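>>> Fold the stuff below for me.
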Amino acid sequence: MMKHVYSVGQVNTYIKNMFAQDFMLRRISVKGEVSNCKYHSSGHIYFSLKDETGTMAAVMFAGNRKCGLKFRMQDGDHVVVTGSVEVYERDGRYQLYAREISLDGAGALFLKFEALKQELAEMGMFAPEYKQPIPKYIRRLGVVTAPTGAAVQDIRNISHRRNPYVQLILYPALVQGDGAAQSIVNGIHALESIGVDTMIVGRGGGSIEDLWAFNEEIVARAIFACKVPVISAVGHETDTTIADYVADLRAPTPSAAAELAVYDFGQFQETVRLLNTTLHLRMREHIRLERQKQQQLQLRLGYLSPQAVLNSKKQYLADLEEKLIQRMDNRLQMDRHRLQLLAGRLEAGSPVKKLSCGFSFVTDEKGKPVTHKKQVQAGDKITVRTLDGKFYARVTEHG
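Prediction:
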């Protein structure tokens, strides 16, 4: 009896048809770890999926990448691949033809995080112009966090150390698990309604699953709509949530949030002391300058004072008077000297002086002086004046 012999191609085709007729294999989702991931120049991606029990070859053609792959896949990623399992006849092996690839577990959450982040950013909820300034000096600080744990203790301790006069109001919220997002929203609304000055919303560190409540859209919208400035303090410095982007200020840790929200009262007192000292120094300097200015104005006023002008004019008149008296005295002395000279000359030619020397003054009958003998004839009457009087005589003859 002869055996029925099949060609390799026939067997591969038969198996391919078997796979094609299996409804489950036509659309199946397989999860595993990516290995041997290679991006071909044609745009196709060749990789393997593996777990602890085995390995499966897989490929994603370039035409499926645009809609089916939202991240850069690399070795070590844990993914869920949705597609069909088919036989590649040429090599006689089956492989997974991927149409959609998504990250598994935390990776899926990360994609959800990125999608919501992009959506809210496009809505403008992260825009700087909507950020409220954090008040420098506050009296009441609201805290939305779990009532137990390191976060609330750190906030309480640092706040009391920096300023024991600031009142802390805690809203004990769920920060993880079912109902956590709504609990956080309720806390924000409650603290806003009682009128705290600033609000800290946060919790300690953890995995992306632990922090997921702070990535929920309802929490982001509550923070954005809150009229009280909100400081987000979620996890450690390397943790970032949607709440961090939408809050008015992000603090790397709850401890840092307390530092940012509560001013240091000791430093405030030191600042006041320094300002007081500076104020006194400036006041003294200002008073000194004003006194100096006042003295200068007094001097200027003294120069411009009517009394000073009068005194100046009086002094000028006194100087003129002294000069006038001096000139008058000089003039009088000169006139006296001249008068003396004239008096001397007059005295030298005075008839009286000559009369006192024995001379006489003779006039004719008409009163004319007789200076020559020819002016009179014998028998003429003449008048002779001497020092002590006059007498009359008659000319008897010429000598």
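>>> doesn't N311 fall inside a strand?
No: applying DSSP: H, G, I helix; E, B strand; the rest coil, one finds N311 to be helix, outside a strand.
>>> ok, which stretches of the stretch 51-200 of the chain are strands?
With DSSP state E, counting those that start in this stretch, the ranges of strands along the stretch 51-200 of the chain come out as 55-60, 78-88, 93-103, 140-145, 167-172, 198-203.
>>> Reformat these as a markdown table; add distance to S48.
Using the backbone N, CA and C atoms, a C-beta is placed for each residue, glycine as well. As requested, the strands of the stretch 51-200 of the chain are exported to a markdown table (distance: least, CB to CB, whole Å):
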| stretch | distance to S48 |
| --- | --- |
| strand 55-60 | 5 |
| strand 78-88 | 11 |
| strand 93-103 | 9 |
| strand 140-145 | 45 |
| strand 167-172 | 49 |
| strand 198-203 | 39 |
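>>> ranking the ones you listed by burial, who's on top?
Burial of those is given as mean neighbour count (mean count of other CB atoms under 10 Å); strand 198-203 ranks first at a mean of 28.
>>> Note down every partner strand of that strand and its orientation.
strand 140-145 (parallel), strand 230-234 (parallel) (DSSP bridges).
>>> Need the ones you listed in a markdown table (columns: mean pLDDT and distance to A151).
A markdown table is the format used below for those (pLDDT from 0 to 100; distance: least, CB to CB, whole Å):
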| stretch | mean pLDDT | distance to A151 |
| --- | --- | --- |
| strand 140-145 | 96 | 5 |
| strand 230-234 | 94 | 7 |
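>>> if I pick the most centrally placed residue in the chain, what's in contact with it?
Residue closest to the average C-alpha location in the chain (CA atoms, centre = their mean): P133, at 15.0 Å. By CB atoms under 8 Å, 6 or more residues apart in numbering, P133 lies in contact with P229, D248.
>>> Got phi/psi on it?
Backbone torsions of P133, given as degrees, to the nearest 10, read phi -70, psi 140.
>>> right, so of the strands of the stretch 51-200 of the chain, which gets closest to F47?
In terms of CB to CB, the element of these nearest to F47 is strand 55-60, at 5.4 Å.
>>> do you know how far the residue nearest to the centre of the chain is from E209?
The gap separating P133 from E209 is 34 Å, by CB to CB, to the nearest Å.
>>> Also I158?
28 Å.
>>> So which of the two has more stuff around it?
I158 (18 against 12; other CB atoms under 10 Å).
>>> show me the contacts for the more buried one.
Residues near I158 by CB under 8 Å, 6+ apart: S255, A258, E259, V262.
>>> 6 Å instead?
S255, A258 (CB atoms under 6 Å, 6 or more residues apart in numbering).
>>> V166 versus that one, what's the distance?
Between I158 and V166 the distance, using CB to CB, works out to 11 Å.
>>> In this protein, where is pLDDT below threshold?
Counting by pLDDT under 70, the chain contains low-confidence ranges at 1-3, 6, 105-108, 303, 308, 349-350, 352-356, 358, 399.
>>> picking that back up, which one, of the strands of the stretch 51-200 of the chain, ends up nearest to M123?
Nearest to M123 among those is strand 198-203 (19.8 Å), distances taken as CB to CB.
>>> Using PDB, list the CA coordinates for the helix or strand just after that closest one.
For strand 198-203, the following helix or strand on the C-terminal side (DSSP states H and E) is helix 217-225. C-alpha atoms of helix 217-225 as PDB (Å, rounded to 0.1, in the frame of the first residue of the first chain):
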ATOM      1  CA  GLU A 217     -10.100  64.800  35.200                       C
ATOM      2  CA  ILE A 218     -12.600  65.700  37.900                       C
ATOM      3  CA  VAL A 219      -9.700  66.500  40.300                       C
ATOM      4  CA  ALA A 220      -8.000  68.700  37.600                       C
ATOM      5  CA  ARG A 221     -11.200  70.600  36.900                       C
ATOM      6  CA  ALA A 222     -11.800  71.200  40.700                       C
ATOM      7  CA  ILE A 223      -8.300  72.600  41.100                       C
ATOM      8  CA  PHE A 224      -8.600  74.800  38.000                       C
ATOM      9  CA  ALA A 225     -12.000  76.200  39.200                       C
END
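>>> V201 bridge partners, please.
Counting by DSSP bridges, the residues bridging with V201 are V144, S232.
>>> That one is in contact with V144, isn't it?
Yes: between V201 and V144 there is a contact under CB atoms under 6 Å: 4.5 Å.
>>> Overlap in contacts, the two.
In contact with both V201 and V144: no residue, using CB under 6 Å, 6+ apart.
>>> could I get the strands paired with strand 198-203 as TSV with distance to A243?
Output for those, formatted as TSV (distance: least, CB to CB, whole Å):
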stretch	distance to A243
strand 140-145	10
strand 230-234	5
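>>> what's the closest of those strands to L304?
Closest of these to L304 is strand 140-145, at 62.3 Å (criterion: CB to CB).
>>> Can you check what angle separates the closest one from strand 167-172?
Angle between the axes of strand 140-145 and strand 167-172 is 20 degrees (criterion: axes from the mean of the first three to the mean of the last three CA atoms, to 10 degrees).
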